[in-house]
Structures are given as C-alpha cells and as structure tokens.
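K.L.:
Generate a structure from the sequence data that follows.
(chains A, B, C and D)
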4 protein chains.
Amino acid sequence: MNITLAQAETAIAAAKEKANDIKTKMNICVVDSGANLVAFVRNDGAWLGSVDIAIKKAKTAVYFQMDTADLSPLVQPGKPLFNIEHSNDGLITFPGGVVIKDDNGDVIGAIGVSGSTVDDDEKVAKAGAKAL
Amino acid sequence: MNITLAQAETAIAAAKEKANDIKTKMNICVVDSGANLVAFVRNDGAWLGSVDIAIKKAKTAVYFQMDTADLSPLVQPGKPLFNIEHSNDGLITFPGGVVIKDDNGDVIGAIGVSGSTVDDDEKVAKAGAKAL
Amino acid sequence: MNITLAQAETAIAAAKEKANDIKTKMNICVVDSGANLVAFVRNDGAWLGSVDIAIKKAKTAVYFQMDTADLSPLVQPGKPLFNIEHSNDGLITFPGGVVIKDDNGDVIGAIGVSGSTVDDDEKVAKAGAKAL
Amino acid sequence: MNITLAQAETAIAAAKEKANDIKTKMNICVVDSGANLVAFVRNDGAWLGSVDIAIKKAKTAVYFQMDTADLSPLVQPGKPLFNIEHSNDGLITFPGGVVIKDDNGDVIGAIGVSGSTVDDDEKVAKAGAKAL
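P.N.:
Numbering: from 1, shown residues only, chains lettered A, B, ... in the order given. Sure, this is the predicted structure:
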C-alpha cells in the first residue's frame, strides 16, 4: 500500500530526465502514503527556497489525495478552502504536487517538484509519476 | 561565491545613509548565498515588527534568486504562486528584498530592508545593493 | 566549494550498500555547505522518526564543521555546550552526522544517517563520506 | 533606557577586535532591553550554527537580566531551572551572553557571542560589553 524506495527512485530518475530535457533545475521529492519523506534530490544550482516547497507539494497531495493543481481553485479568496495553507505547518496549493496510485487506484504516495514556473514544475512531477 | 562581511558592511552603510537622507528609520539585513545572516542593523526607533520582515525579505530574495518586488505580482490571488509565503517558515514577497550579484552575474547574497513604505524600503535596499 | 548532486548520490549509494551489508534500515541525508538538503533516501520500513534525525545530524555537522560524534561529550550535563540542541530549530548531537571535505580540507557538506544503533548509524555515515 | 544603534556598533567593533586578537571567527549580536535585535555581524567562515546561538545568548541574558554564564549552574539536572531552555522558542544557557547596563545599573541590552569555545565566546562578549 506504500510506495517503495525503488519505486521512488524510478519516479525521481524520470523526473530528473524531464527536468534536464526542458533545461530546468529542480527540487524533486517523493513521500509515501503517510506523507513521510522517501527520497529527495536537488539539482546543482536549483533554488534553495524550493527545497521546502517541493516537500510541501508532495505532502499536500497525499494529505488530500489529489494533485495540488486541483486544490488551487479551491483556496482562492471567497472559495471554500481559502487559506487552508495555515494548517499542517504550511501547505503549498499551486501545481507541482502529483499523487501516485497503485493499480487499484489507491494513493501510495506523491511526487512534489519545485524550481521553475508552475507549468514546468507540473510537467516534471507528472513525468515522474507516470514512470510507475 | 559568497558575500563577505566587509561587503555586507559596505552595503549596510550605504543603505543607512539613504535611510537617513529620506528621513526613515529602517531595519537592514544582509544574508549570504545560503540565506544565512551576515549583518543586521536597526535604526533607533525603527518598527520592531520589521526586524523579522527585513530578514525574511533578504532570505526570500536569495531563495528564488530574484528581488522580492518581482515576486509580488506572482503571489496574488489567482496567480501562479498564491500563498507561497507559507513555505520556508514564512516568506515576505513585497518589495524591499534585493539580490546582490558578483561580476559574473552570480547571486552572492541579498539585502532586505523594512521600516517605512515599501517604496522607501525598496529605495534603501537598492542603495545598499548598488554600493557593491 | 559545495557538494554536487552527483557527489551526494555517490555518498548515498555507498551508505545504502553499507546499511544493507549490516542488515539495517536507514534514513540517509546529504546537505551542502550551507546546510541545505541535497539528497535523501529512506529504506523501506526504516523508522519514520529517523527522517528528521538524519536531516538534523547532517545539518548539525555542517553548522559546527565537525562530526556529531565529536559534539556528544561537550553537550552532556555540566559540560560546556549543555542543551545546545535548543538552537537552530533543533540539533542532534549524537553520532551519525559526518562532515564531507574537499581535497583542501574545506567542508563541502555532510551526511547524516539514522535508523539503528548510533554505532550502526555512524558506520553507515562514514561509509558514505569515505566514498568521495 | 534602551541601547542605541551607535552604542551597539561600538560594542560590536570592540568584540570584533577581540575576536581577531584571539584568532577566532565569531557571530556577534546585540539586542535591546526588549530582547529585540539591534545589530549583528558574522565573521567570514564563522560557524553557521552559531548565528542562532549568538542571538539566543543575547536574548537569554536580557530575558533574565543576567549573564548566561550565571544561568549555567542553575539549569543542570536536579537544579532549580533544569530544562528552562524549552521556553521562549529556545534559550542558550552556557557562557557568551553578557548584559549591558547603563550608569544606574539598569539593563539596556545584551551582547551574545558564539563561534569558538565558550571561554573564547565569553571573552569576546565581555570585551564588547566593556566598551560602553
């Protein structure tokens, strides 16, 4: 029910390759179904502030069993989850956190990516998740 | 690759002079390329709440290798980085944090200023950065 | 002056091999010379509480430019650095954090390991550091 | 009743000179009578973990209106203030935090120093306090 380190390494390798293809420097993180860190890498020269953001994106995706991109519209002013980021010692609710599921559709973990535009972050995270 | 204390003191002296010229009381902070504190001063009577803001502005600029003024439009409601401030134990994303680069264009640190309007803060921070 | 991701991955691979040799399940972390995360892995089934301990061991080693094993005697009751662990959002001062130096003897990062006895943690951390 | 920035800079200049005399690399901090940061400098190459320790030493000295060296015996196991470091988001209770008083004997601030042995830290802090 939980992502293995071997699976996390496969996802990270695919994400690293995608980051390299689109010429970005990324922080890439995988957490398990308990939102605990499994693996992390930071490309040389990637933004330091994105270490924490990559981790929080992955955790946020597992916390609510959905990609962070699906949370973004719900957290805007006037929307149902406005300012939910104040919980759980800080969430990140913009794109770049993607859930990882097993063959039964159960969430076994998530990948979080940060270091470029949110579009690039999302692309790299999806490339990682797709590798499994 | 890292700002020295002597450089930080030069930047702070220039920022203090500018703060005095425009009759403001400022908190002024310099961090290195790892976002670690190098030097800090608070003018007599400057806002206490701005101690932490000046430090966070400098750290935020280094974390993402850009002036905090460039982050401001991206973090508004509906924009890509909305509520990014919940990461890294708190960011400050309005003007007043300015990156400091070496002759190769590499970020060697940043200066953060807080204590007046954000326009004044930005002016003082830029005066500090320009002194190097 | 900073450890690269490629070097960090070499150190982690060696540490993982050692952990496997001595039949332990470890959390292994590498930070750079600014105490920022570079790479992390957690063996399947390794203690969850050791995620944070491995990271804090690596950071502590960089913070004071010495192995955490060298700090342990100094932080005991009645000794000079008693309760230093309350600084820096928490330090870990028992063995398992080992500095990584370049050929000039400058600290370029550190490796932190947690998941078994401190003797085992230390062995695995040293195996990782030695691989560079 | 409060230390001025000019006084803090005088204290820091004296402490820097002493640090240089005894060939150490220090983090030096001055806080006011409200335990708020007034000035801070870090020597090039000084321990990163000592940024926070220097600040906490200065704050701790003001919090209890006594040098941190006077607190050390009181915080040991079995003693009246055992584990007081858990309060105030972390205290440092070993030597290196020294109160600064005005001519009436009132505490107007404190200086905190960290970066070497506690004996060296204390020497440098006292040199700073004595300059006023």
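
K.L.:
just checking, residue A:94 touches residue B:85?
P.N.:
No - applying Cβ atoms under 8 Å, one finds residue A:94 not in contact with residue B:85, separated by 12.0 Å. C-beta here means a position set from N, CA and C on the backbone, and glycine is covered the same way.

K.L.:
quick one: which of these two has more around it?
P.N.:
For residue A:94 versus residue B:85, neighbours defined as other Cβ atoms under 10 Å in any protein chain shown are more numerous around residue A:94 (25 against 17).

K.L.:
In contact with the more buried one, which residues?
P.N.:
Residues in contact with residue A:94 (Cβ atoms under 8 Å, 6 or more residues apart in numbering or on different chains) are A:68, A:69, A:72, A:118, B:80, B:81, B:82, B:83, B:84.

K.L.:
How much space separates the second one from residue A:57?
P.N.:
By that I understand residue A:69. Per Cβ to Cβ, to the nearest Å, residue A:69 is found 10 Å from residue A:57.

K.L.:
do the same with the first one
P.N.:
The gap separating residue A:68 from residue A:57 is 5 Å, by Cβ to Cβ.

K.L.:
same question, the fifth one
P.N.:
Going from residue B:80 to residue A:57 by Cβ to Cβ gives 13 Å.

K.L.:
Have a look at the two and say which one is more surrounded.
P.N.:
Neighbour totals were compared for residue B:80 and residue A:57, and residue A:57 leads with 34 against 16 (other Cβ under 10 Å).

K.L.:
circling back: most surrounded residue in the contacts of residue A:94?
P.N.:
So for the contacts of residue A:94 (other Cβ under 10 Å), the most neighbours sit at residue A:68, 30 neighbours.

K.L.:
what sits against that one?
P.N.:
A:57, A:60, A:61, A:92, A:93, A:94, A:95, A:96, A:97, A:98, A:112.

K.L.:
Just the ones of the residues you listed in strands?
P.N.:
Among the contacts of residue A:68, DSSP state E puts A:97, A:98, A:112 in strands.

K.L.:
tell me, which of those make contact with chain D?
P.N.:
When Cβ under 8 Å from any Cβ of the partner chain is applied, no member of these is adjacent to chain D.

K.L.:
Put together JSON lines for those, with neighbour count and pLDDT on each row.
P.N.:
Conversion of the ones in strands among the contacts of residue A:68 to JSON lines gives the following (neighbours: other Cβ atoms under 10 Å in any protein chain shown; pLDDT from 0 to 100):
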{"residue": "A:97", "neighbour count": "36", "pLDDT": "98"}
{"residue": "A:98", "neighbour count": "27", "pLDDT": "98"}
{"residue": "A:112", "neighbour count": "30", "pLDDT": "98"}
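
K.L.:
So the residue lying farthest from the centre of chain A versus chain B, what's the distance?
P.N.:
Relative to the centre of chain A, the most outlying C-alpha is that of residue A:78, 25.6 Å out, by Cα atoms, centre = their mean. Distance, residue A:78 to chain B, using Cβ to the nearest Cβ, to the nearest Å: 9 Å.

K.L.:
Now do the longest helix anywhere in chain A, average pLDDT.
P.N.:
In chain A, assigned by DSSP state H, the helix with the most residues is helix A:5-21. For helix A:5-21, mean pLDDT is 98.

K.L.:
list the helices and strands the following helix or strand past that helix packs on?
P.N.:
Remark: after helix A:5-21, the chain's next helix or strand is strand A:27-32, criterion DSSP states H and E. On a contact count with 3 or more Cβ pairs under 8 Å, 6 or more residues apart in numbering or on different chains; DSSP states H and E, strand A:27-32 meets helix A:5-21, strand A:37-42, helix A:49-63, strand A:107-114, helix A:118-130.

K.L.:
quick one, strand A:27-32 and strand A:37-42 angle?
P.N.:
Between strand A:27-32 and strand A:37-42, the angle comes out at 170 degrees (axes from the mean of the first three to the mean of the last three Cα atoms, to 10 degrees).

K.L.:
Quick check: mean pLDDT of strand A:27-32?
P.N.:
Across strand A:27-32, pLDDT averages out at 98.

K.L.:
Direction included, what does it pair up with?
P.N.:
strand A:37-42 (antiparallel), strand A:107-114 (antiparallel) (DSSP bridges).

K.L.:
tilt between the first one and helix C:49-64?
P.N.:
Same thing as strand A:37-42. Using the same axes, to 10 degrees: strand A:37-42 against helix C:49-64 is 30 degrees.

K.L.:
How far does strand A:37-42 sit from its chain's centre?
P.N.:
Between the centre of strand A:37-42 and the centre of its chain there are 11 Å (Cα atoms, centre = their mean, to the nearest Å).

K.L.:
Using the neighbour-count criterion, name the buried positions in that strand.
P.N.:
Buried positions in strand A:37-42, judged by neighbour count with 16 or more other Cβ atoms under 10 Å in any protein chain shown: A:37, A:38, A:39, A:40, A:41, A:42.

K.L.:
next one: stretch A:57-73
P.N.:
A:57-64, A:66-69, A:71-72.

K.L.:
can I get those in JSON lines with pLDDT?
P.N.:
Below are the buried residues of stretch A:57-73 laid out as JSON lines (pLDDT from 0 to 100):
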{"residue": "A:57", "pLDDT": "98"}
{"residue": "A:58", "pLDDT": "98"}
{"residue": "A:59", "pLDDT": "98"}
{"residue": "A:60", "pLDDT": "98"}
{"residue": "A:61", "pLDDT": "98"}
{"residue": "A:62", "pLDDT": "98"}
{"residue": "A:63", "pLDDT": "98"}
{"residue": "A:64", "pLDDT": "98"}
{"residue": "A:66", "pLDDT": "98"}
{"residue": "A:67", "pLDDT": "98"}
{"residue": "A:68", "pLDDT": "98"}
{"residue": "A:69", "pLDDT": "98"}
{"residue": "A:71", "pLDDT": "97"}
{"residue": "A:72", "pLDDT": "97"}
